[in-house]
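Enquirer: coords please:
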Amino acid sequence: MDIEVKEEKQKIPFLKIFFLILSTTLLGILMFFLVFQRAYFFSGMSQILGLYNENILVYDTFTISFSDTVDSSFKNNVMDVLNQISYEDTKRFEYVDTGGDILISNVQETQENDLVLSQSYMLPVGHIYWIRDDYVSTEKDIYVGNNGDLNFLTDLGYSPVVKEDILEELEGSESVVGFVEVQDLTPDYRVLSLDGKYFFDDLEGGIKRDLITRIQDVEDIFILNVVKKNILDLLDESFNEENIAKVNMTGVTAISRDLAAKIEASGNDEYPAENIAEFLADADLTHTSNEVSFVKGCTPGTSMRFCSAPEYLATLLVSGIDIVELTGNHNNDYGASNNTSTIQTYIDNGMDYFGGGLDDEDASEILYKEVNGNKIAFLGYNYYDTMLGTGALATSSHAGANSYSSSKMKNDIEEARENADIVIVDFQFQECYSYPSSDIIYPICYRPLSSPDQKGVFRLAIDYGADIVIGTQAHQPQTYELYEEGIIFYGLGNLFFDQTPWIGTRQGIVLTHYFYNGSHIQTKITPTIYDNDMQTRLATEEEGDLLLELLKEAR
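Expert: Below you'll find the model as predicted:
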């Protein structure tokens, strides 16, 4: 409540006042303005000249109008709040259709005296299952969620249509894109590039949208803060890109066998990552599931017993790997002692690990990472070797992978849920035998396994409270799906390995998760591929579309 009070201190005789007023034309004009334009200005001058010796109260009513870019439900909520502000039956604010003293509007560009209530961006989106990943602004037909968005984008030259459930519309067709505010993103949407710019890499990939309040008479600008203060609870928090955490997650890394021979021939320990290292390292955290321990004296071989030369760590370092998953079933191929020394190498190089460890207690530890205000929990289990009871698992006396049980996973997820915003669960599951007789599409391995029940195990993690579930065992990528309140990626394929004879094993997926203010808002799926040179690279548009089509058919 804003009340202005002025109080008389001394009275001056009337004749003296009369003489002062007549003595200068300028003062007379000023007095005329003050009397007829602003009661509180007149009261202040009157006190200086001694006209009054009583308190004078001024409580103006300000009219408010809204532009048509403001959603009607928000407008109604604002006026419900502001209508409650009054003094002695005089309302502080009164709604008018147009031409109010105060305007509340959504604008792309602010003016000098505008007070910004909240800042945001509108992003082009499809459904997470879409193959299409781009949008050009010459396509004017779009879907929006309310009349405010409709009018805002109409003013910018688009042809929007309001849809009650945008996601439902997008899931059914890839012909028309939707636009949503960045704060309204969920993993169900797929953020599209806008005229070639992806929002999380370049803010120009979205349309800036500021909710502002504006005053006609700048002398009354103080009242804008009164408006903002009273409607704070109705305002969305302004978007702040510094609160985004970007996490890259990849599949199988096994720098051994024929890939090791390629490295030795090249003389470059970073050889496998030459074409993708910059992409992988461009994140706050970058993960891989490294299945092979570093062993001194390791030389390239051809067997199913894997090791990596210690120098090959350079490939992980140049790729920006911060987190190494140890759920794989080959880390103990050359003995648990080499696994132990490898884990120490990760520690010495500032890398974290999970899903395996120095012993069974260490292997079962949950990894927590806090990035830009987002706390993320990583859990990993070796399902397959637990079922077989192999030496790949950690014990009380030697290193290995973390064992699995449904009760153990349930307890771990509940603990992680209490201590983190986001819970990610990774599995080393049974692999699909993805090796046909020739280099052909092998559809069965793009699907989750039916025996053992891969869907059942992965979905159980979501039922227990995980947000994201990932299979890191697959040498051929597997499909992905929304399930309940989470998302499941059944297999990411190879990142660095030597399996070149089959297209399925040359393909891979990098997941880029985006977390904002403690919520999972987006996962970008980037297809990768390598050829006989065994240097992984980003897939071309044609290669990427092929993989995404195969995953769609396998869903």
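Enquirer: is it true that residue 288 touches residue 328?
Expert: No: at 10.3 Å, residue 288 and residue 328 do not qualify as touching, with contact defined as CB atoms under 8 Å. All C-beta spots, glycine's among them, are computed from the backbone N, C-alpha and C.
Enquirer: between the two, who's got more neighbours?
Expert: Taking neighbours as other CB atoms under 10 Å, residue 288 and residue 328 compare with residue 328 leading, 28 against 25.
Enquirer: and that one, how far is that from residue 443?
Expert: Residue 328 is 26 Å from residue 443, where distance means CB to CB, to the nearest Å.
Enquirer: next one: residue 477
Expert: For residue 477, the distance to residue 443 - CB to CB - is 12 Å.
Enquirer: neighbour count for these two, which is higher?
Expert: The neighbour comparison of residue 477 against residue 443 (other CB under 10 Å) goes to residue 477, with 30 against 11.
Enquirer: contact partners for residue 107?
Expert: By CB atoms under 8 Å, 6 or more residues apart in numbering, residue 107 lies in contact with 69, 114, 209-210, 212.
Enquirer: make it 10 Å
Expert: 67, 69, 114, 116, 152, 155, 208-212, 214 (CB atoms under 10 Å, 6 or more residues apart in numbering).
Enquirer: ok, residue 530 touching residue 494?
Expert: Yes: if you go by CB atoms under 10 Å, residue 530 and residue 494 touch, sitting 7.7 Å apart.
Enquirer: joint contacts of the two?
Expert: 259, 505-508, 536.
Enquirer: residue boundaries of the strands in the stretch 401-550 of the chain?
Expert: Applying DSSP state E, counting those that start in this stretch to the stretch 401-550 of the chain gives strands spanning 422-428, 468-471, 478-483, 486-491, 494-496, 507-516, 519-529, 537-538.
Enquirer: which of those sits most buried?
Expert: Of all the strands of the stretch 401-550 of the chain, strand 494-496 carries the top mean neighbour count, a mean of 29, counting by mean count of other CB atoms under 10 Å.
Enquirer: so which elements touch that one?
Expert: Contact partners of strand 494-496 among helices and strands, from 3 or more CB pairs under 10 Å, 6 or more residues apart in numbering; DSSP states H and E: strand 244-253, strand 285-290, helix 313-318, helix 503-506, strand 507-516, strand 519-529.
Enquirer: okay, now the sheet partners of the last one, with direction.
Expert: By that I understand strand 519-529. strand 507-516 (antiparallel), strand 537-538 (antiparallel) (DSSP bridges).
Enquirer: re the thing from before, who wins for proximity to residue 462 among the helices and strands packed on strand 494-496?
Expert: strand 519-529 (12.3 Å; CB to CB).
Enquirer: check the offset of that closest one from the chain's centre.
Expert: 10 Å (CA atoms, centre = their mean, to the nearest Å).
Enquirer: and stretch 155-174, by the same measure?
Expert: The chain centre lies 21 Å from the centre of stretch 155-174; the measure is CA atoms, centre = their mean.
Enquirer: neighbours around residue 296, how many?
Expert: Around residue 296 there are 10 residues (other CB under 10 Å).
Enquirer: and the closest residue to it other than its chain neighbours, what is it in contact with?
Expert: Once flanking residues are discounted, residue 296 sits nearest to residue 310: 6.2 Å by CB to CB, 6 or more residues apart in numbering. Contacts here follow CB under 10 Å, 6+ apart; on that basis residue 310 touches 269, 293-298, 341-342, 345.
Enquirer: which one of those has the most neighbours?
Expert: When neighbours are taken as other CB under 10 Å, the top entry among the contacts of residue 310 is residue 293 (29 neighbours).
Enquirer: so who does that residue touch?
Expert: Counting by CB under 10 Å, 6+ apart, residue 293 touches 256, 306-308, 310, 326, 328, 330-343, 345, 399.
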